[in-house]
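Peer 1: Let me see the structure of the following:
(one chain, ligands or ions: 1)
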Amino acid sequence: MYDVIVVGARCAGSPLAMLLARKGHRVLVVDRSTFPSDTVSTHYMHQVGVARLKEWGLLDKLVATGVTPIRRLNFSYTGITLRGFAEVEGIDEVYAPRRTVLDNLLVDAARAAGAEVIEGFTVTGLLWQDGRVCGVKGTVADGSEQEFRASFVVGADGRNSTVGDLVDAEYHTVRPASCFVYYSYYDGLDWEFHHWTGFDKQQFGAWPTNDNQHLVTVMRPLDRFAEFRTDVDANFQQVFDQIMPEFGAQLRDNGKRTEQLRSMRYPDNYYRRSAGPGWALVGDAGYHKDPFTGWGISDALVYGEVLADQLHAGLSGEQPIDAAVREYERIRDERSTDTFNFTCMISELKAPPFYETVFRAASASELGLTQFFRLIGGGLHGKEFFAPEHLDTLYTAAGTPAGERMYSADES
Ligand SMILES: Cc1cc2nc3c(=O)[nH]c(=O)nc-3n(C[C@H](O)[C@H](O)[C@H](O)COP(=O)(O)OP(=O)(O)OC[C@H]3O[C@@H](n4cnc5c(N)ncnc54)[C@H](O)[C@@H]3O)c2cc1C
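Peer 2: Numbers count the residues shown, from 1 in each chain. Reported below is the predicted structural model:
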């Protein structure tokens, strides 16, 4: 009998298991994957995500993998360019580690903390007692079935969460997806972090990762997917050529793709009910948004820690466990709403005039750039950044005339 079973051992599941095991709880983590292994995901981490790794004593291990540090960000949104970086929570450089590297490091950390990890185990059902979830059943690689019991079960099993489906967790605040993505890994580039959205709804991203390679990615709206697929290589290259011809030339002349291009049509953005009797959902299982803003991994770490604290409060008898876990969901929803809404808006690849006015002002002063990059790194809440008084300080620093200042997306 375990205290907690966690289903899914990547960036949401393993840190949760590690934190609970460090607090002395008996934890089992199962995953149908084996590690190290890749998953379809690019992997930029924000300062607040990196700060979690530092606090947990894992940052030195990540740095030791040779992942290239990122100390300057270059964003451009339909002609408005912002370059810079802001220290947040003492983090003055960030990373985009390969998932083969990051997830494996997290699984190892869970094991080192004392959690039991079973790889290659697919959860197919839940065990119930008196209306509460009290365990999981599933199959191992040879097809044989096993059951494990626990006081609490957490689904950290990503989008289309099996645990979420088995408890019939309701989806809410669903917003339609905007984009599809193609990405791969390249030798021969020496670029900083770049994230450029051009006219005609096209975007490219590129940033350094492990092995002196760059991850290079292109996003376009879903309604262009069929057309894009007719000649993926040419259309991938064309996005660079059209947004930044000099980067297009460097990609063509110097970039050597070392892996196949991967693609994904993004699923819709959503929240999912994430707390119930004997169960919780964490990471993408309970809250997913477009990867445009690169918040999935950092949020999985941040809210995984919140859930660990709340579960600990329940398991140690400080609070009834179900109430403690409902509080996790409330905190997550409250703190993540700004990121969710901003992500849904900006991933449409065409911001309403309000946001363009704000970005233009932010790009025009040191203060504006600092505040913008604090927002991007998780050091400033959307509510604070977009508050009218704060916008006024940015407009004043940029010399934006009173008649051009905008204070709300409703004015757009
Ligand atoms: C194209 C793309 C690009 C992205 N780029 C970024 C980025 O740059 N930065 C960023 O922060 N985020 C990015 N994201 C989002 C990020 O990938 C996710 O937010 C993150 O992986 C969520 O972590 P998770 O642990 O919740 O789920 P996952 O990483 O999906 O892990 C879930 C785990 O659960 C296991 N599992 C599932 N079902 C079962 C079952 N029935 N039994 C046992 N195990 C099971 C799976 O094998 C898997 O290992 C991107 C996503 C995509 C698709």
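
Peer 1: for the single longest helix found in the chain, packing partners?
Peer 2: Longest helix in the chain, counting residues (DSSP state H): helix 321-346. Packing contacts for helix 321-346, counted by 3 or more CB pairs under 8 Å, 6 or more residues apart in numbering; DSSP states H and E, involve strand 145-155, strand 269-272, strand 275-276, strand 279-281, strand 287-288, helix 296-315, helix 382-385. For every residue, glycine as well, the C-beta is placed using N, CA and C.

Peer 1: That helix: how far from the chain's middle?
Peer 2: Counting by CA atoms, centre = their mean, to the nearest Å, helix 321-346 is centred 14 Å from the centre of its parent chain.

Peer 1: so who does the residue nearest the centre of the chain touch?
Peer 2: Note on the chain: the residue nearest the mean C-alpha position is residue 296, at 1.3 Å, using CA atoms, centre = their mean. The contact partners of residue 296, by CB atoms under 8 Å, 6 or more residues apart in numbering, come to 11, 41, 283-284, 288-289.

Peer 1: for these, which one is nearest the ligand?
Peer 2: The nearest member of those to the ligand, counting by CB to the nearest ligand atom, is residue 283 at 2.2 Å.

Peer 1: thinking the closest one is in contact with residue 14, fair?
Peer 2: No. Residue 283 is beyond contact range of residue 14, at 10.3 Å (criterion: CB atoms under 8 Å).

Peer 1: domains of this protein?
Peer 2: Per automatic domain parsing, the structural domains of the chain span 2-43+98-174+268-342, 179-265, 353-411.

Peer 1: Can you lay out these as JSON lines showing mean pLDDT and distance to residue 52?
Peer 2: Shown next, in JSON lines, are those (pLDDT from 0 to 100; distance: least, CB to CB, whole Å):
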{"stretch": "domain 2-43+98-174+268-342", "mean pLDDT": "97", "distance to residue 52": "4"}
{"stretch": "domain 179-265", "mean pLDDT": "97", "distance to residue 52": "19"}
{"stretch": "domain 353-411", "mean pLDDT": "96", "distance to residue 52": "10"}
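
Peer 1: Rebuild those domains as CSV, extending it with distance to the ligand.
Peer 2: Shown next, in CSV, are these (distance: least, CB to the nearest ligand atom, whole Å):
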stretch, distance to the ligand
domain 2-43+98-174+268-342, 2
domain 179-265, 5
domain 353-411, 11
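
Peer 1: Run through the residues that contact residue 386.
Peer 2: For residue 386, the contact set (CB under 8 Å, 6+ apart) comprises residue 358.

Peer 1: For residue 333, see how far away it is.
Peer 2: Distance of residue 386 to residue 333, given as CB to CB, to the nearest Å: 19 Å.

Peer 1: And residue 135, by the same measure?
Peer 2: Separation of residue 135 from residue 333 (CB to CB): 27 Å.

Peer 1: Between those two, tell me which one has more neighbours.
Peer 2: Legend: neighbour count by other CB atoms under 10 Å for residue 135 and residue 333, higher for residue 135 (21 against 17).

Peer 1: what secondary structure does that one sit in?
Peer 2: Following DSSP: H, G, I helix; E, B strand; the rest coil, we place residue 135 in the strand state.

Peer 1: Quick one: residues contacting it.
Peer 2: 5, 126-127, 147-150, 153.

Peer 1: go again using 10 Å as the cut-off
Peer 2: Counting by CB atoms under 10 Å, 6 or more residues apart in numbering, residue 135 makes contact with 1-2, 5, 28, 125-129, 147-153, 278.

Peer 1: what do you get for residue 307?
Peer 2: Counting by CB under 10 Å, 6+ apart, residue 307 has contacts 4, 6, 12, 15-16, 19-20, 154, 156, 274-275, 280-283, 286, 324-325, 327-329, 331-332.

Peer 1: Look up the closest residue to it, ignoring the ones flanking it.
Peer 2: Leaving aside its sequence neighbours, residue 307 sits nearest to residue 328 (CB to CB, 6 or more residues apart in numbering; 4.7 Å).

Peer 1: Check residue 105 too.
Peer 2: Spatially, and ignoring its direct neighbours in sequence, residue 105 is nearest to residue 61 (5.7 Å; CB to CB, 6+ apart).
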